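Asker: give me the fold of what follows.
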Amino acid sequence: MEKLDETYLIFDLDGTLTDSAEGVIHTAQFMMKKMGMEPWSDEDLRFMVGPPLMNTFRNDFGMNEQEAQKALVIFRSQYFNVGAMENKVYDGIVPMLQALKRKGKCLAVATSKNEAAAQKILKHFGLDIYFDVIGGDTEENDRNCKAKVLAHVIDQLRIKPKEAVMIGDRHHDVEGAHQIGMPCVAVGWGYGTPEEFLECGADFIAKTPADLAGLF
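Answerer: Residues are numbered from 1 along each chain as shown. Got it, this is the predicted structure:
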């Protein structure tokens, strides 16, 4: 197996560290009701896990800018108070993080979800202790795509993109990493598919958390 030598490993959250589908879907259905919409089924809303919310509201729900901003406020409030806890850590994640720390790796998180919600989730599950930086979107800073969040995390770590590798489960992670000159490992236990990884040009694929730890 090929070994990667990057010291800085930047993880996505949803679909990579935790299975957040239930909370995201329930929150989306709550938002739709509040917006006067007929809620979609759980299956029809699974696509919402991972991508930036504003893009989803505009492109998939057909909202205008004012509607999307209103939906964002509703979604974030409900998710922070309720949906964030409808979540679970994937099997094998803690041993993987421990193994990577023993190998001297510096770990961080870059997520498209609200930064405060991400910090709350990681602290709730006791995962925050493994990460030097937890970066996400904020109301003050419009980090509306993965590339912007990654740039923020890279800045916080005070490193160059070529010193790090992104680890995520969707094409947004791969594309965001490539936009700033960073390789990406796609993981096989999240919401992405092998076809998606091939199409977006993932640099490496790890089928299990143990496989990922073994890459380094």
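Asker: for the top helix by length along the chain, list every residue counted as buried.
Answerer: Determined from DSSP state H, the single longest helix within the chain is helix 65-81. Of the residues in helix 65-81, 68, 71-72, 74-80 count as buried by neighbour count, 16 or more other CB atoms under 10 Å. For every residue, glycine as well, the C-beta is placed using N, CA and C.
Asker: what lies in contact with the helix or strand that comes right after that helix?
Answerer: Of the helices and strands lying after helix 65-81 in sequence (DSSP states H and E), the nearest is strand 88-89. Residues from elsewhere that reach strand 88-89 (CB atoms under 8 Å, 6 or more residues apart in numbering): 17-19, 125, 127.
Asker: next: stretch 200-209.
Answerer: 2, 4, 90-93, 95-96, 167, 171, 174-175, 178, 183-189, 194, 197, 212, 215.
Asker: same question for stretch 145-160.
Answerer: With CB under 8 Å, 6+ apart as the test, stretch 145-160 has contacts from 8, 10, 12, 52, 55, 106, 108-112, 132-133, 135-137, 141-143, 161, 164, 166, 168, 172-173, 175-177, 179-180, 182.
Asker: just the buried residues of those.
Answerer: 8, 10, 12, 52, 106, 108-112, 133, 135-137, 143, 161, 164, 166, 168, 172-173, 175-177, 180, 182.
Asker: retrieve the pLDDT associated with residue 28.
Answerer: The model reports residue 28 with a pLDDT of 96.
Asker: what does residue 206 give?
Answerer: So, for residue 206, pLDDT stands at 96.
Asker: ok, residue 51 next?
Answerer: 79.
Asker: measure the closest residue to it other than its chain neighbours to residue 78 for me?
Answerer: Of all residues not flanking residue 51 in the chain, residue 172 sits nearest, at 5.6 Å (CB to CB, 6 or more residues apart in numbering). Using CB to CB, to the nearest Å, we find residue 172 at a distance of 23 Å from residue 78.
Asker: how about the CA coordinates for stretch 52-70, as CSV?
Answerer: What follows is stretch 52-70, C-alpha atoms only, in CSV (Å, rounded to 0.1, in the frame of the first residue of the first chain):
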residue,chain,number,x,y,z
PRO,A,52,-23.1,24.0,1.4
LEU,A,53,-26.6,24.9,2.5
MET,A,54,-27.0,28.2,0.5
ASN,A,55,-26.1,26.5,-2.7
THR,A,56,-28.6,23.7,-1.9
PHE,A,57,-31.4,26.1,-1.1
ARG,A,58,-30.8,28.1,-4.3
ASN,A,59,-30.1,25.2,-6.8
ASP,A,60,-32.2,22.3,-5.4
PHE,A,61,-35.1,24.1,-3.7
GLY,A,62,-35.3,26.9,-6.3
MET,A,63,-35.2,29.6,-3.6
ASN,A,64,-34.4,33.2,-4.4
GLU,A,65,-31.7,35.0,-2.3
GLN,A,66,-34.1,36.3,0.4
GLU,A,67,-35.8,32.9,0.7
ALA,A,68,-32.5,31.1,1.0
GLN,A,69,-31.3,33.5,3.7
LYS,A,70,-34.5,32.9,5.7
